[in-house]
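Visitor: fold the stuff below for me.
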Amino acid sequence: MKLSTIKRIAALALTLLAVLSCFTLCIFAEDVTGEPQPPVNDAPIQGTPNAPEAPNAPETPVADTVATVLKGIFSGTNLALLGAALAVALPCMGSAKGVGIVGEAASGLISENPSIFGKALALQALPMTQGVYGLVAAFLMLAMLGLFGNPEHLTTLPIAAGAYYLMASLPIALSGYFSAVRQGRVSAAGINLLSKRPSESGKAITSSALVETYAIFALLVTLLLVFFSPFNA
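Guide: Alright, predicted model coming up:
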């Protein structure tokens with residue numbers, strides 16, 4: 001197994017571990033802050049002579065303070081916004097990397113044969129679409145959360161809703177990133193094809209477009225999960 005593959009698997013495992021840790025902290029915060037506190041009645045009994053003054057209010061336990069902070073950080077709103085951010089950030093990162101791979105391969109070819117710039121540009125533009133898919137998914141997610149019409153809905157979003165939107169963003173976030181990088185590599189191979197047979201640009205574009213199919217499938221799943229979410233505003 002290649003070292004790069006091991007690194008990707010380790011990164012994915014750490015990402016999943018971080019997501020599970022966030023959910024654990026959210027549940028911990030919700031449980032601790034949701035426990036009913038016993039009433040404190042320190043008022044003196046009427047009619048008792050020389051009744052002592054009521055003591056100061058007890059200090060807030062450290063556990064409650066930590067739980068309150070965690071609940072503020074890992075709230076339903078923040079989890080939902082994190083999902084929208086991942087939906088657009090990861091595909092855009094993959095698109096930038098894929099376009100860069102093709103651009104590096106095309107630069108040397110164009111320097112020798114500037115007449116094929118248009119065909120090389122078409123191959124270089126193909127990995128850009130994953131970033132557009134992520135932008136569409138994030139925009140729809142924010143619209144369904146009520147950010148543009150009912151922002152008050154975000155302030156009352158439960159943790160379950162935030163976790164739902166975070167999970168809904170993962171298909172396009174992960175598939176968009178990896179498919180954009182792979183598509184960039186296939187397009188770079190198409191640049192090599194153009195260097196030998198410039199008339200075969202259609203075959204190179206078709207081979208690269210096939211990789212994008214899986215990003216479209218992931219986008220469809222994300223859109224369906226967001227559009228039919230029971231937590232929409």
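Visitor: residue ranges with poor pLDDT in this structure?
Guide: Within the chain, the ranges that satisfy pLDDT under 70 run 1-5, 8-9, 12-13, 15-74.
Visitor: any idea which residue is closest to the centre of it?
Guide: Closest to where the C-alpha atoms of the chain average out (CA atoms, centre = their mean) is Leu86, at 1.8 Å.
Visitor: can you list the domains in this structure?
Guide: The chain breaks down into these domains under automatic domain parsing: 1-32, 72-233.
Visitor: surely the residue nearest to the centre of the chain touches Pro171?
Guide: No: using CB atoms under 8 Å, Leu86 is not in contact with Pro171; the gap is 10.8 Å. Bear in mind the C-beta positions are built from the backbone N, C-alpha and C, glycine included.
Visitor: one step back: just the domains of the chain: most buried one?
Guide: domain 72-233 (a mean of 19; mean count of other CB atoms under 10 Å).
Visitor: how close does the nearest residue to Tyr177 once chain neighbours are set aside sit to Phe217?
Guide: Nearest non-adjacent residue to Tyr177, counting by CB to CB, 6 or more residues apart in numbering: Gly94, 3.6 Å away. Using CB to CB, to the nearest Å, we find Gly94 at a distance of 16 Å from Phe217.
Visitor: now the end-to-end length of stretch 104-124.
Guide: One end of stretch 104-124 sits 10 Å from the other (CA to CA, to the nearest Å).
Visitor: what's the answer for stretch 142-152, then?
Guide: 13 Å.
Visitor: hmm, back to that, so who does the residue nearest to Tyr177 touch?
Guide: Pro127, Gln130, Gly131, Gly176, Tyr177, Phe178, Ser179, Ala180, Val181 (CB atoms under 8 Å, 6 or more residues apart in numbering).
Visitor: output these as JSON lines; include the columns secondary structure and distance to Pro230.
Guide: What follows is those, written out as JSON lines (DSSP: H, G, I helix; E, B strand; the rest coil; distance: CB to CB, whole Å):
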{"residue": "Pro127", "secondary structure": "helix", "distance to Pro230": "35"}
{"residue": "Gln130", "secondary structure": "helix", "distance to Pro230": "28"}
{"residue": "Gly131", "secondary structure": "helix", "distance to Pro230": "29"}
{"residue": "Gly176", "secondary structure": "helix", "distance to Pro230": "25"}
{"residue": "Tyr177", "secondary structure": "helix", "distance to Pro230": "28"}
{"residue": "Phe178", "secondary structure": "helix", "distance to Pro230": "30"}
{"residue": "Ser179", "secondary structure": "helix", "distance to Pro230": "29"}
{"residue": "Ala180", "secondary structure": "helix", "distance to Pro230": "31"}
{"residue": "Val181", "secondary structure": "helix", "distance to Pro230": "34"}
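Visitor: okay if I get those residues as CSV plus distance to Ile110?
Guide: Below are the contacts of Gly94 laid out as CSV (distance: CB to CB, whole Å):
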residue, distance to Ile110
Pro127, 18
Gln130, 24
Gly131, 23
Gly176, 28
Tyr177, 27
Phe178, 28
Ser179, 26
Ala180, 22
Val181, 22
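Visitor: of these, closest to Ala137?
Guide: Closest approach between these and Ala137, by CB to CB: Gly176, at 8.4 Å.
Visitor: distance check, that closest one against Ala188.
Guide: 19 Å.
Visitor: helix, strand, or coil at Ser229?
Guide: At Ser229 the chain is in coil, as set by DSSP: H, G, I helix; E, B strand; the rest coil.
Visitor: from Gly190, how far out is the residue nearest to Tyr177?
Guide: From Gly94 to Gly190 the distance is 18 Å (CB to CB).
Visitor: quick revisit: if you skip the residues just before and after it, what's nearest to the residue nearest to the centre of the chain?
Guide: Ala173 (4.4 Å).
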